[in-house]
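A predicted structure for the sequence below; I have some questions about it.
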Amino acid sequence: MATIAFDTLKYAKRLKDAGIPEKQAEAEAEALAEALEVNLKELATKDDLTREAALLRRDMNELEVSLKRDMREMEQRMTIKLGGLMVVAVGAVATLVKLL
């Protein structure tokens, strides 16, 4: 979780110096501090991003390995099918030569 140093006393003093009534200045300072705290709970830190990047790299490497394996398998199937088609074609040509 990210943390931020927010000085509510200093902020309230600035508001009072600017002409805001004291109670209103204090209330605004507290409200802003609360809003910052709530919003910062959801903010990603550098460690969060580093961890997610590492997970993404791992997933991409696994995908690459899987794709390479699938391509090798497909290449083998295509080679077998091409060989079979060539045997059939040679047989058909040989049959036609004998018949003609």
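Arrived safely, thanks for sending. This one's a predicted model, so the numbers in the text were calculated from it and none came from an experiment.

neighbouring contacts of stretch 18-27?
Contact with stretch 18-27 is made by Thr8, Ala12, Lys13, Leu15, Lys16, Glu28, as judged by CB atoms under 8 Å, 6 or more residues apart in numbering. Where you see a C-beta, it was placed from the backbone N, CA and C, and this is true even at glycine.

by pLDDT, give me the weakest of these.
Minimum pLDDT across the contacts of stretch 18-27 is recorded for Thr8, with 83.

now that residue: how far from Leu85?
For Thr8, the distance to Leu85 (CB to CB, to the nearest Å) stands at 80 Å.

between the two, who's got more neighbours?
Thr8 (17 against 10; other CB atoms under 10 Å).

quick one: that one from Val38, how far?
Thr8 is 15 Å from Val38, by CB to CB.

next, the buried residues of the one helix or strand in the chain whose mean pLDDT sits lowest.
None of the helices or strands of the chain scores lower by mean pLDDT, DSSP states H and E than helix 22-41, at a mean of 84. Neighbour-count burial for helix 22-41, counted by 16 or more other CB atoms under 10 Å, picks out Ala25, Glu26, Ala29, Ala33.

hmm, Asp7 and the last one touching each other?
No: if you go by CB atoms under 8 Å, Ala33 and Asp7 don't touch, sitting 9.1 Å apart.

where does pLDDT dip in the protein?
Applying pLDDT under 70 to the chain picks out residues 1-4, 39.

find the residue at the geometric middle of it.
Nearest to the geometric centre of the chain sits Leu56, at 5.9 Å (CA atoms, centre = their mean).

what's the helix or strand for it?
Element membership for Leu56, per DSSP states H and E: helix 46-99.

run the chain-centre distance for that helix.
27 Å (CA atoms, centre = their mean, to the nearest Å).
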